[in-house]
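Peer 1: Sequence below, structure please.
(2 chains)
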Amino acid sequence: MSEYATAHDAHDAQHHVSPVSLYLTVWIGLMILTAVTVLAYYIPIWLNVSLGAANIVIAMAIATVKASLVAWYFMHLRHDKKFHLLAFLSSLIFLGLFLTLTLLDINTREDQPAFAKPSYEGKMPASAEHAGGEKKEGEAKEGKEEAKPEVKSEAKPEAKSEAKPVSSVTSAAGATKH
Amino acid sequence: MAQAVDELKSEPKHPWYFHPHFTDLEQQYDTAKLGMWTFLATEILMFGGLFVAYALMFSMHPDAFHAGHHHLNVNLGVINTAVLIFSSLTMALGVRAAQTNNRKALIVNLAITIACACAFLVVKYFEYSHKYHEGLLPGRFYTYPEGYVPHIETYFSLYFMMTGLHGIHVTVGIGLLIWLLVRAMKGRFNSDYYTPVDLVGLYWHLVDLIWIYLFPLLYLVS
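Peer 2: Numbers count the residues shown, from 1 in each chain, chains lettered A, B, ... in the order given. All right, here's what the predicted structure looks like:
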C-alpha cells in the first residue's frame, strides 16, 4: 500500500499544474532579460566604451539565465523527475567538454591551422572563383607565405597561455618516465 | 456464443489511449517523457556542433564577425525573439489547459502558438531574401561589393547554417502543433492523457531556448 502511495505522490508531482500567474511572471522576466541583453549591447556603443571579451560573456550569462527560466518553469523541470534533469544537463556537460577542449587546442597552437588561410585571403571570394583550380593552389601557397608574419603578431597576446601546455607536456613526460 | 460476444464487447477495459503493454498509464507517460528528454539531449548536441564552430571561427576572426553582424537588422532580431518567447508562454499555457481539461483554452493557445511560429518564419523570410539580394551569402557565394573584411563569408556561412537549422525546427514544430490542434478539436486530450501536448511543448521550448542563444551570438556581436 505504501508503495502505491509513493507512486501516487510521484504522479502528482510530475503532473503538477502551475498557476497561470507563474507563467506570466516568468514570461515578463524573460522579456525584461531580453531588453537587458539589447541594452548591454547598445550602452557601450552609445558611451563609446569597448568592453572587449566581457561583452560576449555578459550576453551569454544573460542567455543562460533565460534558458534556465525556460527549462525550469516552462519545461517543468522543477517538478519533473530528477533523471530528466540529469539527461538534459549531461548533454550540456558534453557540449561544454567539446567546446573547451576544441578552443584549448586552437588557442594554444603556435601556428594557426592551414584552413584558417584560404586561397582567397584578402580578396573577394567571387574573384577567386573566376581563377582556375591550378591557380588557386598557387595562390594558397603564396597566401601562406605572406601570412606568416601576420600569424606571429596575432599569436603574441597568447604567449602566456602557450607556456602552459608546454609545461604540462613536460610534466606528463616526466610522469611516464616514473 | 452469446457469452463470447459479450466478452468481445467488454474487451476494451482500458481507455483508447492506453497501450496494454505498459503496466499503467503512469509508466506509459514516463516512458514517453524519458524518450523525449533523450531526444532533446541529442538535439542540443546537434546544435552544439554549430555552436562550437561559431566559437572557433569567432575566436579566429573576430573582426569578420563584427563586420558581418552590421548587415543584420537588430530590430527584426528583437521582434523574432519576443515572438518566440511569447509563443513559448502560450505553449506552456496550452499544456496547462490540457492538464486542467480546458479544451477551449488548449485550442486557443495552440492556435496562438502556431500564429507566432508563422510570424517568426515570415520575418525570417524577409531577412533571408534581403541577404540573398544583397549577396550576403555563405562562402564563395558572398558578393556584397562594399567593405569586404577577410572571412566575413564565414560569418554568413554560420548565420545561414544556424538560423537555417533552427528554421527547419520551427517548420517541423508548426507541423506538430497543427497535428495537436486537429486532435484537440476532436477532444482527444484530457487531464489523464495529454502526453503529446506535453512532449511537443518540450520540443517547442527547446526551439525557443536555442534561439535565446542564437539571437545575441548572431545579432549582437561586439
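
Peer 1: By residue count, tell me the biggest helix in chain B.
Peer 2: helix B:25-60 (DSSP state H).

Peer 1: and it, what other elements does it pack with?
Peer 2: helix A:2-14, helix A:82-107, helix B:152-185, helix B:195-219 (3 or more Cβ pairs under 8 Å, 6 or more residues apart in numbering or on different chains; DSSP states H and E). To be clear about C-beta, it is placed using only N, CA and C from the backbone, and glycine gets the same treatment.

Peer 1: So what's the residue count around the residue nearest to residue B:159 when sequence neighbours are not counted?
Peer 2: Spatially, and ignoring its direct neighbours in sequence, residue B:159 is nearest to residue B:218 (5.6 Å; Cβ to Cβ, 6 or more residues apart in numbering or on different chains). Residue B:218 has 19 neighbouring residues, counting by other Cβ atoms under 10 Å in any protein chain shown.

Peer 1: Sort out which residues of the longest helix of chain B are buried, please.
Peer 2: Residues B:25, B:28-30, B:33, B:36-37, B:40-41, B:43-44, B:47-48, B:50-58, B:60 are the ones in helix B:25-60 that count as buried (16 or more other Cβ atoms under 10 Å in any protein chain shown).

Peer 1: gap between the next helix or strand after it and the chain center?
Peer 2: Next along the chain after helix B:25-60, taking DSSP states H and E as the criterion, comes helix B:62-69. What separates the centre of helix B:62-69 from the centre of its chain is 27 Å, taken as Cα atoms, centre = their mean, to the nearest Å.

Peer 1: touching chain A at all, helix B:62-69?
Peer 2: No. Applying Cβ under 8 Å from any Cβ of the partner chain, one finds helix B:62-69 separated from chain A by no less than 9.2 Å.

Peer 1: could you say what helices and strands that helix packs with?
Peer 2: Helix B:62-69 is packed against helix B:152-185, with contacts defined by 3+ Cβ pairs under 8 Å, 6+ apart.

Peer 1: which helices and strands does the helix it packs on pack with?
Peer 2: Partner elements for helix B:152-185 (3+ Cβ pairs under 8 Å, 6+ apart): helix B:25-60, helix B:62-69, helix B:103-134, helix B:195-219.

Peer 1: coming back round to it: mind checking how far the residue nearest to residue B:159 is from residue B:153?
Peer 2: 15 Å (Cβ to Cβ, to the nearest Å).

Peer 1: got any ranges where chain A has weak pLDDT?
Peer 2: A:1-12, A:110-178 (pLDDT under 70).

Peer 1: the helices in it, which residues?
Peer 2: A:2-14, A:20-46, A:54-69, A:82-107, A:125-130, A:133-155, A:159-177.

Peer 1: could you dump stretch B:109-124 to PDB, C-alpha only?
Peer 2: Output in PDB follows, covering the C-alpha atoms of stretch B:109-124 (Å, rounded to 0.1, in the frame of the first residue of the first chain):
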ATOM      1  CA  ASN B 109      -3.300  28.600 -27.000                       C
ATOM      2  CA  LEU B 110      -2.200  26.200 -29.700                       C
ATOM      3  CA  ALA B 111      -3.600  28.500 -32.400                       C
ATOM      4  CA  ILE B 112      -1.700  31.500 -31.000                       C
ATOM      5  CA  THR B 113       1.500  29.400 -30.800                       C
ATOM      6  CA  ILE B 114       1.100  28.400 -34.500                       C
ATOM      7  CA  ALA B 115       0.400  32.000 -35.400                       C
ATOM      8  CA  CYS B 116       3.600  33.100 -33.600                       C
ATOM      9  CA  ALA B 117       5.600  30.400 -35.300                       C
ATOM     10  CA  CYS B 118       4.400  31.500 -38.700                       C
ATOM     11  CA  ALA B 119       5.100  35.200 -37.900                       C
ATOM     12  CA  PHE B 120       8.700  34.100 -36.900                       C
ATOM     13  CA  LEU B 121       9.200  32.400 -40.300                       C
ATOM     14  CA  VAL B 122       7.700  35.400 -42.200                       C
ATOM     15  CA  VAL B 123      10.200  37.800 -40.500                       C
ATOM     16  CA  LYS B 124      13.000  35.200 -41.300                       C
END
